[in-house]
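> sequence plus predicted model, see below.
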Amino acid sequence: MGLYFKYFKIHFKSELQYKLSFIMSFIAQFFVFFGYYFTIICLFDKFSNIKGFTLYEVLLTFGIIQFGFSFCETFFRGIDQFDNLILKGYFDRLLLRPRNILLQVFCEEVSFIKLSRLIQSIIVLVIAIIKIDVVWNVEKIITLVFMLISSIFIFLSILIITAAYCFYTVKGLEVRNVLTCGCREMAQYPIGIFRKGFIIFFTCIVPFGFINYYPLLFILGKEVNKLLIISPLITLVYLVPSVIIFYRGMRRYSSVGS
Amino acid sequence: MKSYITYFKLKFKTGLQYRAAALAGMATQVFFGFVYVSIYVAFYESGSGNLPMKLNEIVSYVWLGQSLHAIVYMWYKDKEILNMIKSGNIAYELCRPQDLYFMWASKILGERLSNCALRFLPVILFALILPSPFNLDLNIALPRLLLFIVVMILSTILMTVLVLLYHVICLITLDEKGIVNIFMVVSDILSGMLIPIPFFPKYLQNISNILPFRYITDFPFRLYVGNISMNEGFIGIIIQIIWIVILIILGRLITKKALKKAVIQGG
């Protein structure tokens, strides 16, 4: 942990060296993110609900998913850009150091520009929490916290798996985008609104349903099963095989030279 | 003229080499298209009265957008051109007898068209075989189809000159990350790529109607699906041509200005 913070400070200082460029990129990121919820707001301007979910309920799911994703993009950018590390042969450097490999990969890059997205997703989240038609109690708050944590973990697991994929193909193909961006795009809405096939996929294979749908039903009072409070934690289990896959892939690693 | 066509051909052929990338891109387009369509279907099934577009119209709109994605999106950076500006290799480019502006235009056009050529048909085919509410509607009258083709060609040119304008601005800013990024994102939103213009709030509709961006994406696609009448289509063509002329003049002016005091970065 201490090591991560040390890297963190270094990255922060280096990024602030280019102030104007930093500010400009920050604003550009703002607009990119704006595009995401702009669509949702436009659609709810014309429609009153989507399969029974109202604007603020969708914005809550949106906020939770975007929070998890932008958190990973900001603080674990290194794993997101993993193919660069392999392509340029920098990965060898990490292997030589007597520290945990995955931690080093995480530290490799911290993107403060993406902080713009993180802040916005938190703003959207707060607005949704205030405006949503829910009486908050301890159980529901705990559920929400679990949802947020597991949102981070699911994106982290996906990123680790796709990074492991680079060990086999060297260059990370756009397939990664399908998994991360495509799933994110879908998971912005409670997955219950989609057709059966999607629901099964997002429950059993990529468990987004346990982040943005089943616990949401509990928060909204549509389900009363107490088990749903801890259901988001299923995604933590997802992290284990992805880390194993990563280390397995690493055994196959052969340097591309530098 | 001949040399520009050669540049175009060169880029087009190089682009066709990247088949693995195209395959991955195709998968992305198909998946995203399916996601968007599913969202719209869910919205329309929840029912609501007063809607600016019918379900099958918007579904076809999404699929057209995905299959022609390589042509209509604005967030595009030609690495070769940008590197040239940053590294100073633009000096070689300036030594050539061709006009810088049109040379770059033919390069960008070549690259974008080759990207599109590889992805267009498979995505369309996929969209056609899907079951009813999810599929692309091919039912279109011949005159409208012909008009759509003309409009789409103009829209491709408009896209090229607009993207080129952003690259030319980099001649001044020397960096594509700041203001140019902002331009690109905003034009993506206002072009109607995320969501068709009729779904915008009223004031934003008015703004995007006077800007060129919607004539790249929103206008041709809505013309295809029948949301815009043929008469409006003809007026739109005139507006497209006017914008192309304006943007070319603007782009060339900036190029001229920038090159007058060009500093070659390194050498």
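Perfect, I can see it now.
> what is the burial count for the closest residue to chain A within chain B?
Here chain B gets closest to chain A at one residue, residue B:178, 3.1 Å apart by Cβ to the nearest Cβ. For every residue, glycine as well, the C-beta is placed using N, CA and C. Residue B:178 has 20 neighbours, counted by other Cβ atoms under 10 Å in any protein chain shown.
> just list the residues touching it, thanks.
A:20, A:21, A:24, A:25, A:28 (Cβ atoms under 8 Å, 6 or more residues apart in numbering or on different chains).
> so which of the residues you listed belong to strands?
Secondary structure defined by DSSP state E assigns none of the contacts of residue B:178 to strands.
> as JSON lines, those residues with neighbour count and distance to chain B would be great.
Formatted as JSON lines, those follow (neighbours: other Cβ atoms under 10 Å in any protein chain shown; distance: Cβ to the nearest Cβ, whole Å):
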{"residue": "A:20", "neighbour count": "9", "distance to chain B": "7"}
{"residue": "A:21", "neighbour count": "14", "distance to chain B": "6"}
{"residue": "A:24", "neighbour count": "20", "distance to chain B": "3"}
{"residue": "A:25", "neighbour count": "22", "distance to chain B": "5"}
{"residue": "A:28", "neighbour count": "22", "distance to chain B": "4"}
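> in stretch B:91-102, what's buried?
Buried positions in stretch B:91-102, judged by neighbour count with 16 or more other Cβ atoms under 10 Å in any protein chain shown: B:100, B:101, B:102.
> and the least confident of the residues you listed?
pLDDT across these is at its lowest for residue B:100, which sits at 88.
> just checking, it touches residue B:259?
Yes: contact criterion Cβ atoms under 8 Å: residue B:100 and residue B:259 qualify, at 7.3 Å.
> common neighbours of these two, please.
In contact with both residue B:100 and residue B:259: residue B:94, using Cβ under 8 Å, 6+ apart.
> for the helix or strand where residue B:208 lies, buried residues please.
In this assignment (DSSP states H and E), residue B:208 forms part of helix B:202-210. Residues of helix B:202-210 classed as buried: residue B:208 (neighbour count, 16+ other Cβ under 10 Å).
> ok, residues contacting that helix?
So helix B:202-210 is contacted by B:190, B:192, B:197, B:198, B:200, B:214, B:218 (Cβ under 8 Å, 6+ apart).
> what's downstream of it, the next helix or strand?
helix B:218-225.
> can I get that next one as CSV, trimmed to CA atoms?
Below are the C-alpha coordinates for helix B:218-225, written out as CSV (Å, rounded to 0.1, in the frame of the first residue of the first chain):
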residue,chain,number,x,y,z
ASP,B,218,-28.2,12.8,-38.1
PHE,B,219,-29.4,14.2,-41.4
PRO,B,220,-28.4,11.3,-43.8
PHE,B,221,-29.6,8.6,-41.4
ARG,B,222,-32.9,10.2,-40.7
LEU,B,223,-33.4,10.8,-44.4
TYR,B,224,-32.8,7.1,-44.9
VAL,B,225,-35.3,6.0,-42.3
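> dihedrals phi and psi, the residue most central in space within chain B?
In chain B, the centroid-proximal residue (Cα atoms, centre = their mean) is residue B:72; its distance is 2.1 Å. When read as degrees, to the nearest 10, the backbone of residue B:72 gives phi -90, psi -10.
> residues in contact with it?
B:65, B:155, B:159, B:191, B:193, B:216, B:217.
> that one and residue B:162, how far apart?
11 Å (Cβ to Cβ, to the nearest Å).
> cool, and residue B:189?
On the measure of Cβ to Cβ, residue B:189 and residue B:162 end up 14 Å apart.
> more crowded one of those two?
Using other Cβ under 10 Å, the more surrounded residue of residue B:189 and residue B:162 is residue B:162, with 24 against 21.
> surely the more buried one touches residue B:212?
Yes: assessed by Cβ under 8 Å, residue B:162 is found in contact with residue B:212 at 6.7 Å.
> which neighbours do the two have in common?
residue B:247.
> quick one: name the residues of the stretch 1-150 of chain A near chain B.
A:20-21, A:24-25, A:27-28, A:31-32, A:34-35, A:38-39, A:42-43, A:45-52 (Cβ under 8 Å from any Cβ of the partner chain).
> how about 6 Å then?
A:21, A:24-25, A:28, A:31-32, A:35, A:39, A:42-43, A:46-47, A:49-51 (Cβ under 6 Å from any Cβ of the partner chain).
> tell me the one among the buried residues of stretch B:91-102 nearest to residue B:130.
residue B:102 (41.1 Å; Cβ to Cβ).
> need the next SSE after the helix or strand hosting the closest one, C-terminal direction.
Per DSSP H and E, residue B:102 falls inside helix B:100-129. Following helix B:100-129 in sequence order, the next helix or strand is helix B:142-173 (DSSP H and E).
> hang on, the earlier thing: I'd like the contacts of residue B:178 as TSV, with distance to residue A:100 appended.
As requested, these are exported to TSV (distance: Cβ to Cβ, whole Å):
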residue	distance to residue A:100
A:20	36
A:21	32
A:24	35
A:25	30
A:28	34
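> got JSON lines for those, with distance to residue A:219 and pLDDT too?
What follows is the contacts of residue B:178, written out as JSON lines (distance: Cβ to Cβ, whole Å; pLDDT from 0 to 100):
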{"residue": "A:20", "distance to residue A:219": "43", "pLDDT": "76"}
{"residue": "A:21", "distance to residue A:219": "41", "pLDDT": "74"}
{"residue": "A:24", "distance to residue A:219": "38", "pLDDT": "81"}
{"residue": "A:25", "distance to residue A:219": "35", "pLDDT": "80"}
{"residue": "A:28", "distance to residue A:219": "34", "pLDDT": "83"}
